[in-house]
Each structure stands twice: as C-alpha cells, then as structure tokens.
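**Student:** coords below, sequence missing:
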C-alpha cells in the first residue's frame, strides 16, 4: 500500500461542507432549549435563597469561608450544603461581582449540564428518542427550573 491509499480523499474545490449529523443536532437543540428555559427571566427571582446567596458572597470574600461553606466571611456559621455546592456561585461572584445573575447563572448552567448528563446516560442504553424524552422531562420538571 502506498501512503496515498491510506489518506481519505480530499473534498473537491467548492464542495459543500457536510451538515451536522442528526445524532449531534438533537441533543444540541435539547441543551440549547434547556439553557434558554433556565436563563429566561432569571433576574425576576431576586437573590433566590438569601441564605445561600450570603454564603456565595462570603466565599467570594474569604477563602476560608469558600472552602468551608460559611455564610459569613469570619466562618462562624456554615450552610446546610456541602461547600462544593457553593463553589461555582462563589467563584462567579468573585469574578463578576455580587449581583443576581452572577449567583443564579452558574446554577442554570449546572442544571443544563445535568440534562446533558442524563441524556448521555440514557443514550448509552436506550435509543435517541428515549434519551431526548428523559432530558426533556428533566428540563421541564418544575423543581429543576
């Protein structure tokens, strides 16, 4: 065999590029729709839970409060979640400053990622339509929004 027979053929000049395969388009649409659904009107909920928002603010000001999940910068009071649950919010507040969007957008992105993980998990065992249905049900579940 020559080297030329091992290489795939080059597309002709002016050839139309391939479309995105359907197996990639469906989950991309699901994730995009989920992200829009979760971010739409996000600022209307204010600070969401003020207890966790205070912990995110404290974690953005103090590394000790960040690592231990404290709701005050001194680290005297901790929240009832694991500290890692607050880290994305605290890092976002540290980077973008304290506002409603810097606290809630990381949660919306994590919710979107959870839909993607569910899709990938179901897709390994079942057909695409079942994975899309599972992802859509999770995205539309009121407690997840």
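**Tutor:** Looks like it came in fine. Everything numeric here is computed off the predicted structure, so don't read it as measured data.
**Student:** drop to CA atoms for contacts and neighbour counts, all remaining ones
**Tutor:** OK.
**Student:** and after the helix-or-strand element of the chain with minimal mean pLDDT, which helix or strand comes next?
**Tutor:** The weakest-scoring helix or strand in the chain, judged by mean pLDDT, DSSP states H and E, is helix 3-6 (a mean of 60). Remark: after helix 3-6, the chain's next helix or strand is helix 22-39, criterion DSSP states H and E.
**Student:** so which elements touch that following helix?
**Tutor:** helix 100-125, helix 128-140 (3 or more C-alpha pairs under 8 Å, 6 or more residues apart in numbering; DSSP states H and E).
**Student:** how about those, which one is nearest residue 25?
**Tutor:** helix 128-140 (11.3 Å; C-alpha to C-alpha).
**Student:** quick one, the closest one and helix 22-39 angle?
**Tutor:** Helix 128-140 and helix 22-39 are oriented at 10 degrees to each other (axes from the mean of the first three to the mean of the last three C-alpha atoms, to 10 degrees).
**Student:** give me the mean pLDDT for helix 128-140.
**Tutor:** For helix 128-140, mean pLDDT is 95.
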